[in-house]
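*Asks:* Sequence and computational prediction follow.
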Amino acid sequence: MESLKFLIAPFIVLVFTCCGCGDSKQDSLDSIAEEYVKLVLEIGQYDGDFVDAYYGPEEWKPAAGDPLDSIPPGELTNRVVQLIDNLDNLDREGLSDLEGARLRMLGKQCTAVLTKLKMLRGETYSFDQEAMLLYDTKAPSNDTMHFNKLLAILNDMLPGKESLPEKYREFSAQFIIPPDKLDQVFQTAIMEARERCKKNLYLPANENFRLEYVTDKSWSGYNYYQGNSQSLIQINTDLPIYIERAIDLACHEGYPGHHVFNALIEKNLVQDKNWLEFSIYPLFSPQSLIAEGSANYGIEMAFPGKQKVAFEKEVLYPLAGIDTSLANLYDSIQQIRAALNYAGNEAARAYLDGNISREEAASMLEKYLLYEPERALQRTHFIDQYRSYVINYNWGKDLVADYVENAIKHTKSDRWIIFEDLLSTPHTASSLSN
């Protein structure tokens with residue numbers, strides 16, 4: 001994650017203790033939003049992962065410097081509590097549905113900011129409590145019987161008589177992208193995803209991205225949104241990269257994933273409406289469930305049905321020099337593995353709640369996600385760093401998918417229209433379920 005390195009800005013005293021003191025509701029909410037942005041920027045000094053993107057007024061940033069060590073007792077917490085009180089006291093009469101959604105989302109974002117502040121000062125929560133406070137949802141639990149049934153299906157699908165992990169590793173090794181082919185494969189996948197998005201939703205004329213390959217990260221890919229519809233997309237090459245990850249990361253980090261999501265938020269909410277709370281993206285907040293869930297669902301938006309494996313076979317496999325004869329079987333296996341992904345939530349929940357050790361968590365990931373030992377260990381470091389954030393990928397995707405499918409049934413609208421509206425309006429997990 002990109003660190004924001006700022007020095008402490010002078011303490012900004014809230015000049016309002018309630019809303020409606022001569023100002024319009026819009027002015028009052030805008031004032032709360034401004035204080036929220038400045039406060040999140042200050043908190044970013046103490047946790048380099050906290051601020052994922054910022055493209056608001058430059059003068060609101062604290063002076064640049066090294067990250068600070070300890071949160072001052074009470075000061076920042078009291079300011080977040082004051083923001084929440086001001087939001088609660090704001091007169092809601094006459095607000096449009098969209099304005100009401102803005103108000104509700106800002107309140108939940110502030111709750112997440114308060115929770116993260118408490119965590120930075122040493123307060124602890126259970127996995128599910130943390131997820132509810134930070135991401136406005138609790139991910140479902142699954143027992144091992146459910147995952148063992150899926151493993152049995154995989155075992156029957158894979159050739160060989162070795163153990164399932166050994167069979168999978170031997171089989172999947174045929175689908176590793178050679179390092180000297182990585183850039184060509186990824187550039188091709190991203191450009192195809194981009195063209196498919198252009199045909200179906202609005203993209204700012206100046207939007208663009210830069211692709212880099214990095215090492216020594218706990219994640220496989222990352223989008224650093226730069227503002228003005230520009231992104232830096234990084235791909236981690238610490239471990240072998242398999243062919244299916246080309247389209248997955250192209251869509252998730254780029255089109256119609258994080259790059260498009262941030263560009264639409266910036267255009268439709270920050271530039272057009274001047275809702276400046278959306279000029280900052282605190283990573284540990286309800287916004288992330290929508291961001292990660294829509295990014296994963298976006299893979300199916302850009303490559304629905306069998307279009308993903310068809311494009312892989314016709315274009316990406318040949319570019320990577322991979323035999324296409326087993327492509328359909330490999331794709332079917334990946335679909336089962338996607339269903340097994342929820343086992344990663346169980347490993348994270350048990351590990352962070354102190355019920356299992358890191359080694360036991362890694363063993364769960366090796367067994368149920370079929371990770372190599374090195375990849376399983378890398379994932380435990382991701383869990384250490386981002387904690388309950390892991391639910392945003394799978395549970396977030398399912399919530400977004402259900403929302404889109406239900407909206408199609410009720411409105412008969414085009415799937416892309418609903419998806420674009422989701423990316424362009426205030427939403428949290430609970431609003432997806434309503």
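*Replies:* In hand now; what should we look at?
*Asks:* what's the host helix or strand of Y213 packed up against?
*Replies:* Y213 is part of strand 208-214, with elements assigned from DSSP states H and E. If you count contacts as 3 or more CB pairs under 8 Å, 6 or more residues apart in numbering; DSSP states H and E, strand 208-214 packs onto helix 182-198, strand 230-236. C-beta: built from backbone N, CA, C; applies to glycine.
*Asks:* mind putting those in CSV, mean pLDDT included?
*Replies:* Formatted as CSV, those follow (pLDDT from 0 to 100):
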stretch, mean pLDDT
helix 182-198, 97
strand 230-236, 97
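*Asks:* hmm, back to that, who's in contact with the strand holding Y213?
*Replies:* Outside strand 208-214, the residues that touch it by CB atoms under 8 Å, 6 or more residues apart in numbering are 182-183, 186-187, 190, 229-237, 254, 259.
*Asks:* Swap in 7 Å and give it another go.
*Replies:* 182, 186-187, 190, 230-237, 254, 259 (CB atoms under 7 Å, 6 or more residues apart in numbering).
*Asks:* Quickly run through the sheet partners of that strand, with directions.
*Replies:* strand 230-236 (parallel) (DSSP bridges).
*Asks:* now the strand it pairs with and helix 182-198, what's the angle there?
*Replies:* 140 degrees (axes from the mean of the first three to the mean of the last three CA atoms, to 10 degrees).
*Asks:* Off-centre distance for the helix or strand just after strand 230-236?
*Replies:* Using DSSP H and E, the helix or strand that follows strand 230-236 in sequence is helix 244-249. On the basis of CA atoms, centre = their mean, to the nearest Å, helix 244-249 is displaced by 16 Å from the centre of the chain it belongs to.
*Asks:* What are the buried residues along the following helix or strand past helix 244-249?
*Replies:* Where DSSP H and E defines the elements, the next helix or strand beyond helix 244-249 is helix 258-265. For helix 258-265, burial by neighbour count (16 or more other CB atoms under 10 Å) applies to H258, H259, V260, F261, N262, A263, L264, I265.
*Asks:* Next, the angle from helix 258-265 to helix 182-198.
*Replies:* 40 degrees.
*Asks:* ok, and what's touching helix 258-265?
*Replies:* With CB under 7 Å, 6+ apart as the test, helix 258-265 has contacts from 53, 197, 203-204, 207, 209, 223, 225, 229, 231, 253, 278, 291, 294-295, 423-424.
*Asks:* Can I have the buried ones of those as a PyMOL selection?
*Replies:* If you want just the buried ones from those in PyMOL, going by 16+ other CB under 10 Å, the selection is:
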select buried, resi 53+197+203+207+209+223+225+229+231+253+278+291+294+295+423+424
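*Asks:* Quickly list the domain ranges of the protein.
*Replies:* Following automatic domain parsing, one gets these domains for the chain: 25-123, 144-433.
*Asks:* The ones you listed: which one's closest to Y135?
*Replies:* domain 144-433 (4.7 Å; CB to CB).
*Asks:* coming back round to it: just send the helices and strands packed on strand 208-214 back as a markdown table, with distance to Q378 too.
*Replies:* Shown next, in a markdown table, are those (distance: least, CB to CB, whole Å):
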| stretch | distance to Q378 |
| --- | --- |
| helix 182-198 | 18 |
| strand 230-236 | 9 |
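*Asks:* how close does W275 sit to I32?
*Replies:* Computed as CB to CB, to the nearest Å, the W275 to I32 distance reads 11 Å.
*Asks:* Look at those two and report which has more neighbours.
*Replies:* A side-by-side neighbour count of W275 and I32, using other CB atoms under 10 Å, places I32 first with 24 against 21.
*Asks:* Grab the nearest non-local neighbour of that one.
*Replies:* N86 (5.4 Å; CB to CB, 6 or more residues apart in numbering).
*Asks:* got a pLDDT number for the one you found?
*Replies:* Here the pLDDT value assigned to N86 is 94.
*Asks:* and it, which of the three is it?
*Replies:* Under DSSP: H, G, I helix; E, B strand; the rest coil, N86 falls in the helix class.
*Asks:* Could you export the helix or strand hosting M132 as CSV, CA atoms only?
*Replies:* Using DSSP H and E, M132 falls within helix 127-135. Provided in CSV are the C-alpha atoms of helix 127-135 (Å, rounded to 0.1, in the frame of the first residue of the first chain):
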residue,chain,number,x,y,z
PHE,A,127,-13.0,-10.8,13.6
ASP,A,128,-16.7,-10.4,13.1
GLN,A,129,-17.0,-7.3,15.3
GLU,A,130,-14.2,-5.6,13.5
ALA,A,131,-15.8,-6.5,10.1
MET,A,132,-19.1,-5.0,11.1
LEU,A,133,-17.6,-1.8,12.4
LEU,A,134,-15.2,-1.3,9.6
TYR,A,135,-17.1,-2.7,6.6
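*Asks:* elements contacting that helix?
*Replies:* Applying 3 or more CB pairs under 7 Å, 6 or more residues apart in numbering; DSSP states H and E, one finds that helix 127-135 contacts helix 97-120, helix 286-302, helix 342-352, helix 391-411.
*Asks:* quick one, what contacts V390?
*Replies:* G344, N345, A348, I383.
*Asks:* now T215
*Replies:* N236, T237, D238.
*Asks:* ok, back up a step: for the helix or strand that the strand holding Y213 is followed by, could you pull out the residues that count as buried?
*Replies:* Using DSSP H and E, the helix or strand that follows strand 208-214 in sequence is strand 221-227. By 16+ other CB under 10 Å, the buried positions in strand 221-227 come out as G221, Y222, N223, Y224, Y225, Q226.
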